[in-house]
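> my questions concern the predicted model and sequence given below.
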Amino acid sequence: MSKRNKTIQIDRADNSLSKNLIRLSEKADAHFLKNKIIHQDLLETLPFLPEKFVDLLFIDPPYNLNKNFNGQIFKSMNNKEYENWMDSWFNPLLKTLKPTASVYVCSDWKTSIPVYNVLSKYLKIRNRITWEREKGRGATKNWKNCHEDIWFATVSEDYYFNTDAVKTMRKVLAPYKLPNGQAKDWFTISNGQAYRLTYPSNLWTDITIPFWSMPENTEHPTQKPEKLLAKIILASSKENDLILDPFLGSGTTAVTAKKLNRNYCGIEINHTYCLLAEKRLKMAETNKSIQGYENGIFFERNTSLSSQSPKKLFTLNGE
Ligand SMILES: C[S@@+](CC[C@H](N)C(=O)[O-])C[C@H]1O[C@@H](n2cnc3c(N)ncnc32)[C@H](O)[C@@H]1O
């Protein structure tokens with residue numbers, strides 16, 4: 001294995017992390033579920049989840065593809081069947097939401113439609129984020145599939161949203177100066193390049209999927225990047241809020257929540273993935289860094305600026 005390969009793997013010693021996992025066989029209260037991973041089939045847990053304990057629900061379900069999740073096979077079905085399958089667990093999850101909660105659901109171009117249909121039955125749809133995932137399998141008789149849709153919905157009109165927490169630092173190609181010579185809404189850093197902090201849009205092009213040389217990478221086949229979760233968590237939750245992820249996978253939501261001082265609860269059917277999540281949570285005790293996000297700023301994809309000291313970053317022109 002290349003020395004630069006940072007993929008997190010599970011070895012024998014990690015089996016001891018199993019002691020942190022829980023299973024539900026009776027009604028659980030919110031306090032008991034705080035910062036816990038439930039190793040169980042989501043459908044089995046639904047009757048035991050408490051009411052109104054979730055501030056932010058993030059859902060990354062299996063997409064409608066034939067996929068092997070470490071032995072657990074997801075079989076592709078038609079759109080209507082996928083919609084019914086989603087409804088079968090989404091409807092019972094609604095009781096867990098606080099009236100002020102926000103909900104994000106991931107999809108690809110195909111499942112975007114059934115996901116919208118289910119969400120719009122119960123919630124107020126606020127937006128659809130399009131994430132340019134970049135990497136995708138090349139196709140000879142079709143367009144390469146390299147974006148995902150993330151639907152954003154809320155329970156009511158009363159919801160939290162903090163745009164200031166998710167501004168992106170972007171290059172300014174034509175930096176405009178006011179008549180008095182002052183920069184208009186931009187600043188330079190030590191390399192002389194002009195940058196601006198921009199409001200986040202619903203088109204996300206600054207996030208790659210985790211790959212082998214990134215310290216957050218695991219062997220989970222559909223792992224989401226921590227930077228993507230950081231945007232959602234910072235925009236739609238406050239410190240100490242509780243974030244539920246019912247298809248936790250390798251634990252990205254829980255790990256990012258922990259790094260950003262939020263509480264989490266995750267549900268995952270696969271034991272190895274639960275262990276990966278626990279291992280990453282343990283690592284997050286000593287390393288809270290999130291690749292692509294530093295000192296409250298999101299950086300453009302592949303930018304090397306994040307290695308600059310914050311002092312240098314914020315040396316405004318001439319000041
Ligand atoms: C798309 S992946 C989520 C990946 C995750 N966001 C991450 O960053 O690693 C979906 C996950 O749902 C899990 N899963 C599938 N069916 C499940 C069920 N009925 N209950 C709980 N987990 C399930 C799979 O094992 C898989 O890890």
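Perfect, thanks for sending it.
> show me which residues of the stretch 201-319 of the chain sit near the ligand.
Within the stretch 201-319 of the chain, the positions adjacent to the ligand are 220, 222-224, 247, 249-250, 252, 267-270, 273 by Cβ under 6 Å from any ligand atom. To be clear about C-beta, it is placed using only N, CA and C from the backbone, and glycine gets the same treatment.
> one more pass at 8 Å, please.
218, 220-224, 229, 245-253, 267-270, 273, 276-277 (Cβ under 8 Å from any ligand atom).
> could you do the stretch 1-150 of the chain as well?
40-43, 45, 58, 60-63, 69-70, 72, 74, 89, 106.
> report the buried members of those.
40, 42, 45, 58, 60-63, 69, 89, 106 (16 or more other Cβ atoms under 10 Å).
> quick check, nearest of those to residue 24?
Nearest to residue 24 among these, counting by Cβ to Cβ, is residue 45 at 5.0 Å.
> for that closest one, pull up the helix or strand it's in.
In this structure, residue 45 sits in helix 42-45 according to DSSP states H and E.
> same question, residue 103
Residue 103 belongs to strand 97-107, assigned by DSSP H and E.
> now residue 57. Its backbone dihedrals?
Phi and psi for residue 57, reported as degrees, to the nearest 10, are phi -110, psi 120.
> so what does the helix holding residue 45 touch, helix or strand wise?
On a contact count with 3 or more Cβ pairs under 8 Å, 6 or more residues apart in numbering; DSSP states H and E, helix 42-45 meets helix 79-93.
> hang on, the earlier thing: who touches the helix holding residue 45?
Helix 42-45 has contacts (Cβ atoms under 8 Å, 6 or more residues apart in numbering) with 24, 38, 88-89, 246-247, 267, 269.
> would you list those residues in JSON lines and tack on pLDDT and distance to residue 203?
Output for the contacts of helix 42-45, formatted as JSON lines (pLDDT from 0 to 100; distance: Cβ to Cβ, whole Å):
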{"residue": "24", "pLDDT": "98", "distance to residue 203": "39"}
{"residue": "38", "pLDDT": "98", "distance to residue 203": "34"}
{"residue": "88", "pLDDT": "97", "distance to residue 203": "32"}
{"residue": "89", "pLDDT": "98", "distance to residue 203": "29"}
{"residue": "246", "pLDDT": "98", "distance to residue 203": "27"}
{"residue": "247", "pLDDT": "98", "distance to residue 203": "25"}
{"residue": "267", "pLDDT": "98", "distance to residue 203": "30"}
{"residue": "269", "pLDDT": "96", "distance to residue 203": "33"}
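> highest neighbour count among those?
Neighbour counts for the contacts of helix 42-45 (other Cβ atoms under 10 Å) peak at residue 267, which has 26 neighbours.
> hang on, the earlier thing: quick one: average pLDDT of the helix holding residue 45?
For helix 42-45, the mean per-residue pLDDT is 98.
> need the helices for this protein, in chain order.
30-33, 42-45, 79-93, 112-122, 226-236, 252-259, 271-283, 310-313 (DSSP state H).
> for the second one, list the C-alpha coordinates in CSV.
What follows is helix 42-45, C-alpha atoms only, in CSV (Å, rounded to 0.1, in the frame of the first residue of the first chain):
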residue,chain,number,x,y,z
LEU,A,42,-33.6,1.3,10.9
LEU,A,43,-37.0,-0.3,10.5
GLU,A,44,-36.6,-2.1,13.8
THR,A,45,-35.6,1.0,15.7
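> residue contacts, the residue most central in space within the chain?
By Cα atoms, centre = their mean, the chain has its centre lying nearest to residue 229, at 2.5 Å. By Cβ under 8 Å, 6+ apart, residue 229 lies in contact with 58, 252-253, 256-257.
> kindly report the same for residue 278.
14, 17-18, 20-21, 37, 251.
> closest one of those residues to the ligand?
residue 251 (6.4 Å; Cβ to the nearest ligand atom).
> ok, now which ones touch the residue nearest to residue 65 when sequence neighbours are not counted?
The shortest distance from residue 65 to any non-neighbouring residue, by Cβ to Cβ, 6 or more residues apart in numbering, is to residue 76 (5.6 Å). Applying Cβ under 8 Å, 6+ apart to residue 76 gives the contacts 64-66.
> nice, that's everything, thank you.
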